[in-house]
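In: just a sequence and a predicted model for now, questions to come.
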Amino acid sequence: MIRLFLVCLGCLLTTVISASEQPLDKAGKFSQEKYFAGFSKPFISSGVFVLEPEQLKWQVTKPITSTLLIKNGQVYVEDSQGDVVIQPGAAPFVNLLQAIITHDLGALEQQFTIANDTQAGCSLLLPKDQLLSQLFVSFQLCALDGNVQQVRLNEHNNNYTIIHFEYTAPVNGSTTDATEIN
């Protein structure tokens with residue numbers, strides 16, 4: 001279930017990063033706060049991401065090291081020991097990823113009901129897809145100047161995750177060190 005969550009999260013993060021018609025090459029840092037019902041403090045993680053036309057690398061650096069790579073129509077997870085494992089059954093999410101990267105609103109509207117949020121600059125995405133709707137109630141995407149600044153993932157059990165983005169200079173060529181993954 002955790003791996004499935006990582007796959008869904010990776011695809012959602014690509015949604016976040018690719019929410020505009022800006023160039024596809026983007027890189028930066030993220031911080032993620034996971035709030036659990038009944039706990040007063042969130043679980044906090046942080047790391048870096050690189051989005052290129054052919055792949056997304058999402059690397060958590062704190063509190064543990066873990067890497068999610070979406071490349072060549074496949075989803076891989078690399079752990080802190082460097083072991084790379086392909087995630088079977090991820091093809092539907094990769095197809096969604098392609099629609100997101102190309103900003104194909106027609107395809108996105110097949111997977112989500114998209115509405116304006118009450119917060120300025122934000123959109124509310126309600127999943128139509130059965131698997132996504134089993135995991136999440138909604139996503140809130142907030143963008144500024146064509147870059148998503150924050151995403152909130154709302155779960156059915158009142159848990160939620162908030163991810164903040166800080167962008168760096170656009171990527172020039174392949175800067176990821178995971179290119180050996182085929």
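Out: Received the coordinates, thanks. Note that this is a predicted model, so its numbers are computed, not measured.

In: rest of the way, CA atoms for contacts and neighbours
Out: Will do.

In: how far away is Gln150 from Glu33?
Out: Distance, Gln150 to Glu33, by C-alpha to C-alpha, to the nearest Å: 11 Å.

In: so which of those two has more stuff around it?
Out: Gln150 (21 against 17; other C-alpha atoms under 10 Å).

In: would you check that that one makes contact with Tyr167?
Out: No - in this structure, Gln150 is not within contact of Tyr167 by C-alpha atoms under 8 Å, at 11.6 Å.

In: hmm, back to that, find residues that contact each of Gln150 and Glu33.
Out: Residues touching both Gln150 and Glu33 (C-alpha atoms under 8 Å, 6 or more residues apart in numbering): Ile162, Ile163.

In: test my guess that Met71 contacts Trp58.
Out: Not quite, residue 71 is Lys, not Met. No - assessed by C-alpha under 8 Å, Lys71 is found out of contact with Trp58, at 11.6 Å.

In: more neighbours: which of these two?
Out: Trp58 (25 against 19).

In: OK, contacts around the more buried one?
Out: Counting by C-alpha under 8 Å, 6+ apart, Trp58 has contacts Gly10, Gly47, Val48, Phe49, Val50, Thr67, Leu68, Leu69.

In: need the three-state assignment for it.
Out: Following DSSP: H, G, I helix; E, B strand; the rest coil, the label given to Trp58 is strand.

In: same thing with Ser133?
Out: Following three-state DSSP, the label given to Ser133 is helix.

In: excluding chain neighbours, what is closest to it?
Out: Nearest residue to Ser133, sequence neighbours excluded (C-alpha to C-alpha, 6 or more residues apart in numbering): Pro127, at 5.2 Å.

In: what sits against the one you found?
Out: Contacts of Pro127 by C-alpha under 8 Å, 6+ apart are Gln111, Phe112, Thr113, Ser133, Phe136, Val137, Ser138.

In: and for Ile70, the neighbour number?
Out: For Ile70, the count of nearby residues is 26 (other C-alpha under 10 Å).

In: correct me, but it touches Gln55?
Out: Yes - counting by C-alpha under 8 Å, Ile70 touches Gln55, with 5.4 Å between them.
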